[in-house]
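> Okay, predicted coordinates and the sequence, questions at the end:
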Amino acid sequence: MDGLRLSVVAPVFNEEDVIENVVERWAEILRSSHVEPEIVLTDDGSSDGTPHILSRLKEKVEFLKVVRCEKNGGYGRALQTAITHSTGDYIVTIDSDGQFDLSEFKVLLETLRTENLDSVTGFRKNKQDSPVRVLADRVLNLIIRVLFGLRFRDTNCALKVCKGDLLRAISIEAMGYPAPTEVLIKLAKSGAKI
């Protein structure tokens, strides 16, 4: 992986309780991964201490970029903004709440490269969310299978690795929760190998 430019992108909204630990952990993983790293976070109008923490982190993590939106525009817009500001050959999309282990990007990227794919999506073994959200994801997966023929275990999983130029060419319209599913649908419609 030496010389490979990798961008990790994520939306951030009111994550003052976890964001410092999450970003420091990501930086540690990336520094030991033999890549040219970049972390691009969109602070989507946080009203807690998140902006201050991110400002402090920029002094400690030299490859951290923070794009600040004054008003909350939703998950999809924040994700799109982070992707647009990324420069990596490959992009890892991930949530900023610490639910995912960034080190798993290595398995996804290796699969992408050895199988000559354009994108690889993860799935959550034990989703840490409310029963309503878990049910909503299951219903969404079923709808996506029927309407679009995409047979992935967890279409709305935020953890994905994609070729950078391909992902930057997609426009995310969903403002909220189904944005990762929209990304998969649009990648598939573009002819990408997922």
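Perfect, thanks for sending it.

> only C-alpha atoms for contact and neighbour calcs from this point on.
Will do.

> Just the buried residues of stretch 57-76, please?
Residues of stretch 57-76 classed as buried: Leu57, Val61, Leu64, Lys65, Val66, Val67, Arg68, Gly74, Tyr75, Gly76 (neighbour count, 16 or more other CA atoms under 10 Å).

> In helices only, show me these.
If you go by DSSP state H, the buried residues of stretch 57-76 have Leu57, Tyr75, Gly76 in helices.

> centroid residue for the chain?
In the chain, the centroid-proximal residue (CA atoms, centre = their mean) is Thr93; its distance is 1.8 Å.

> which SS class is Asn156?
Recorded secondary structure, Asn156: coil (DSSP: H, G, I helix; E, B strand; the rest coil).

> Report how many residues lie close to it.
Using other CA atoms under 10 Å, Asn156 has 24 neighbouring residues.

> Tell me which stretches of the protein form strands.
With DSSP state E as the criterion, the chain has strands at 5-12, 36-44, 64-69, 90-93, 119-121, 160-163.

> Reformat those into a markdown table and put distance to Ile194 and mean pLDDT next to each item.
Below are the strands of the chain laid out as a markdown table (distance: least, CA to CA, whole Å; pLDDT from 0 to 100):
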| stretch | distance to Ile194 | mean pLDDT |
| --- | --- | --- |
| strand 5-12 | 18 | 98 |
| strand 36-44 | 23 | 98 |
| strand 64-69 | 28 | 98 |
| strand 90-93 | 14 | 98 |
| strand 119-121 | 5 | 94 |
| strand 160-163 | 9 | 97 |
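
> I'd like those strands as CSV, with distance to Lys186 appended.
Shown next, in CSV, are those (distance: least, CA to CA, whole Å):
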stretch, distance to Lys186
strand 5-12, 18
strand 36-44, 22
strand 64-69, 24
strand 90-93, 15
strand 119-121, 12
strand 160-163, 12
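
> my guess is Glu9 meets Ala82, correct?
No, residue 9 isn't Glu; it's Val. Yes. Distance between Val9 and Ala82: 5.5 Å, which falls inside the contact criterion (CA atoms under 8 Å).

> Which neighbours do those two have in common?
Val40, Leu41 (CA atoms under 8 Å, 6 or more residues apart in numbering).

> Quick one, grab the pLDDT at Asn141.
Per-residue pLDDT puts Asn141 at 61.

> cool, and the one 4 residues further on?
At Arg145 the predicted local confidence, pLDDT, stands at 65.

> so what's the residue nearest to Gly49 when sequence neighbours are not counted up against?
Spatial nearest neighbour of Gly49, chain neighbours left out: Glu16 (5.5 Å); criterion: CA to CA, 6 or more residues apart in numbering. Glu16 makes contacts with Asp48, Gly49, Thr50, Ile53, as judged by CA under 8 Å, 6+ apart.
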